[in-house]
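In: make a model of this:
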Amino acid sequence: MSLNNYFYILLILLITTLIACKPKNDSSYINNDVSPKSVNTSHQIHIDKKIEVGAERTEEYFEILKNKKIALTVNHTSFIGKHHLVDSLLSMGLDIQRIFAPEHGFRGEADAGATVAHGKDEKTGIPIISLYGKRKKPLPEDLKNIDIVVFDIQDVGARFYTYISTMHYIMEACAEHNIPVLILDRPNPNGHYVDGFILETSFSSFVGMHPIPVVHGLTVGELAQMINGERWLKNKLKCDLKIIPCKNYDHNSLYQLPIKPSPNLPNMRSIYLYPSLCFFEGTVVNIGRGTQQQFQVIGDPNYPDTNFSYTPISRAGAKYPKHENKLCYGKNLTSLSLEDLQKEKRLNLNYIIDFYNNYPKKETFFLKNNFIHKLAGTDLLKKYIIEGKTEKEIRTAWKKELGEYLLMRKKYLLYNDFN
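Out: The predicted model follows:
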């Protein structure tokens, strides 16, 4: 063995054994009021071995990246232990040419929907190209002299979470230019169930590009395989795809994220509630943006006076929240236990149904731009809520297509499925 190879092996072993630590002064880290360990119930299994995300398994992909000019699609969640993937790969002597940044930016600080600017990483000087704003897909010049593109971003398992749309466009651009894509897989915190309407292609948008349910039950690696296998890329292209899977993970694993995936998902309760509450983004109702209980409280100034109220204010990650500086009445979901939310294993439509039924100004409840259709992937959800259908009645509308999706999904699983 040459001295050079010996050095690389030692370096890889050092990085893969880094221990994650949570800086007390870093607000990007999740702080929950429960133990991060999985709970052993009839709905769950206990995980004895530590889950290793794809990025941690450097021995599996170092040789793939060695001597290559690399572009990284990463953000603030792209960590190996306490080190960012950018820093880790640079310390291994790898050649990072540029960084592609998704919604919320490279550092994860931009508001939802806010344009992310191009720039340079202050620490390394590496150019950062925004893929959120007018440019959502890399241009040919962005990929010039690039040998491989790496994707390593923590997803939350909901169709309207835009990191997977960025992954789609990365795959598509690379397929057009014969550049391979390496995905460093991460667990799906909502990967223990599948539920919701299948997206109708007429309602396709950046908050929903694929004919999959609202809660799709796939890791980003599994979804990438589905995108490839079902030929959903433009002109039915197929991407040269390599996936580094997680170790000790399956779809029964209840994985607690170490870092909040975006500014308004501060803890695991918000992440579990997100698929159900995000429909309110298509209404006039505030769901905690501008508070410290994002996606855990529901409120509106016009809602009947209740024993719970709050006032959204301008904050980092939510500079212009709905009903800013106005007293909102509504519901407080912060008392819901993580165990109960985990066991629920379904979209809960009763939140939006009940709020609509009690809302005094029903004609103004849904936004005029019908954003609710893009979130639901269909116009049926709004229609059924207005018609007064129950959650049980609405759920029957997606039952058949959901069953067909579950059969298709099996072809692309990298991990044992949920019970």
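
In: list the contacts of residue 120.
Out: 126, 127, 128 (C-beta atoms under 8 Å, 6 or more residues apart in numbering). (Glycine included, C-beta is placed from N, CA and C.)

In: if I look at it, how far off is residue 98?
Out: Distance from residue 120 to residue 98, counting by C-beta to C-beta, to the nearest Å: 10 Å.

In: what do these two both touch?
Out: Taking C-beta under 8 Å, 6+ apart as the contact rule, residue 120 and residue 98 both touch 126, 127, 128.

In: which of those residues fall within strands?
Out: Members of these lying in strands (criterion: DSSP state E): 127, 128.

In: residue 305 in helix, strand or coil?
Out: coil (DSSP: H, G, I helix; E, B strand; the rest coil).

In: out of everything not next to it in sequence, what's closest to it?
Out: residue 329 (5.5 Å; C-beta to C-beta, 6 or more residues apart in numbering).

In: could you do residue 119 as well?
Out: Closest to residue 119 by C-beta to C-beta, 6+ apart is residue 128, at 4.9 Å.

In: residue 167 versus that neighbour, what's the distance?
Out: For residue 128 relative to residue 167 (C-beta to C-beta), the value is 17 Å.

In: and those two? Which one has more around it.
Out: residue 167 (24 against 21; other C-beta atoms under 10 Å).

In: phi, psi of that one?
Out: Dihedral angles phi and psi of residue 167 (degrees, to the nearest 10) take the values phi -60, psi -40.

In: start at 7 instead
Out: Understood, numbering begins at 7; the last thing we discussed is residue 173.

In: pLDDT score for it?
Out: Among the per-residue scores, residue 173 shows a pLDDT of 98.

In: and the residue nearest to it when sequence neighbours are not counted, how many neighbours?
Out: Leaving aside its sequence neighbours, residue 173 sits nearest to residue 157 (C-beta to C-beta, 6+ apart; 5.6 Å). Using other C-beta under 10 Å, residue 157 is surrounded by 28 other residues.

In: each with direction, which strands does the helix or strand residue 157 falls within pair with?
Out: Using DSSP states H and E, residue 157 maps to strand 154-158. Looking at strand 154-158 with DSSP bridges, its partner strands are strand 75-80 (parallel), strand 187-190 (parallel).

In: for this protein, what spans make up the strands?
Out: Chain-ordered strands for the chain, with DSSP E as the definition, fall at 75-80, 85-86, 89-90, 101-107, 125-126, 133-136, 154-158, 187-190, 201-204, 219-221, 247-250, 303-306, 315-316, 334-338.

In: thinking again about what came up before, for the residue nearest to residue 173, name its beta-bridge partners.
Out: residue 79, residue 189.

In: can you pull out the helices in this structure?
Out: Here the chain has its helices, by DSSP state H, at 9-22, 64-71, 91-97, 169-182, 226-235, 274-283, 344-350, 356-364, 377-382, 386-393, 397-401, 405-415.

In: adding distance to residue 208, write these out as TSV.
Out: Output for the helices of the chain, formatted as TSV (distance: least, C-beta to C-beta, whole Å):
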stretch	distance to residue 208
helix 9-22	46
helix 64-71	39
helix 91-97	37
helix 169-182	17
helix 226-235	19
helix 274-283	22
helix 344-350	30
helix 356-364	22
helix 377-382	9
helix 386-393	12
helix 397-401	19
helix 405-415	15
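
In: report the central residue of the chain.
Out: By C-alpha atoms, centre = their mean, the chain has its centre lying nearest to residue 161, at 2.7 Å.

In: you'd agree that one is up against residue 171?
Out: No - judged on C-beta atoms under 8 Å, residue 161 makes no contact with residue 171 at a distance of 10.7 Å.

In: mutual contacts of the two, please.
Out: When C-beta under 8 Å, 6+ apart defines a contact, no residue borders residue 161 and residue 171 alike.

In: roughly how far apart are the residue nearest to residue 173 and residue 61?
Out: Distance of residue 157 to residue 61, computed by C-beta to C-beta: 10 Å.

In: residue ranges in this structure under the pLDDT threshold?
Out: 7-33, 37-54, 110-124 (pLDDT under 70).

In: how is it divided into domains?
Out: In the domain annotation for the chain, the residue ranges read 34-250, 274-407 (automatic domain parsing).

In: please produce CSV containing the ones you listed, extended by distance to residue 260.
Out: Listed next are the domains of the chain as CSV, based on distance: least, C-beta to C-beta, whole Å:
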stretch, distance to residue 260
domain 34-250, 4
domain 274-407, 6
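
In: nearest to residue 264, out of these?
Out: Closest approach to residue 264 among these (C-beta to C-beta): domain 34-250, 6.5 Å.

In: quick one: the closest one to chain centroid distance?
Out: Averaging C-alpha positions (C-alpha atoms, centre = their mean, to the nearest Å) puts domain 34-250 9 Å from its chain's average.

In: that domain: end-to-end distance?
Out: Domain 34-250 stretches 25 Å from its first residue to its last (C-alpha to C-alpha, to the nearest Å).

In: again with stretch 242-253
Out: End-to-end span of stretch 242-253 (C-alpha to C-alpha): 31 Å.

In: what does that stretch rub up against?
Out: 57-61, 63, 66-67, 70, 177-178, 180-182, 184-193, 225, 227, 230-231, 233-234, 237, 239, 420-421.

In: what's the PyMOL line that selects buried ones from these?
Out: For the buried members of these, the matching PyMOL selection, counting by 16 or more other C-beta atoms under 10 Å, is:
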select buried, resi 57+58+59+60+61+63+66+67+177+178+180+181+182+185+186+187+188+189+190+191+192+193+225+227+230+231+233+234+239+420+421
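
In: once you drop chain neighbours, what's closest to residue 205?
Out: residue 383 (3.2 Å).
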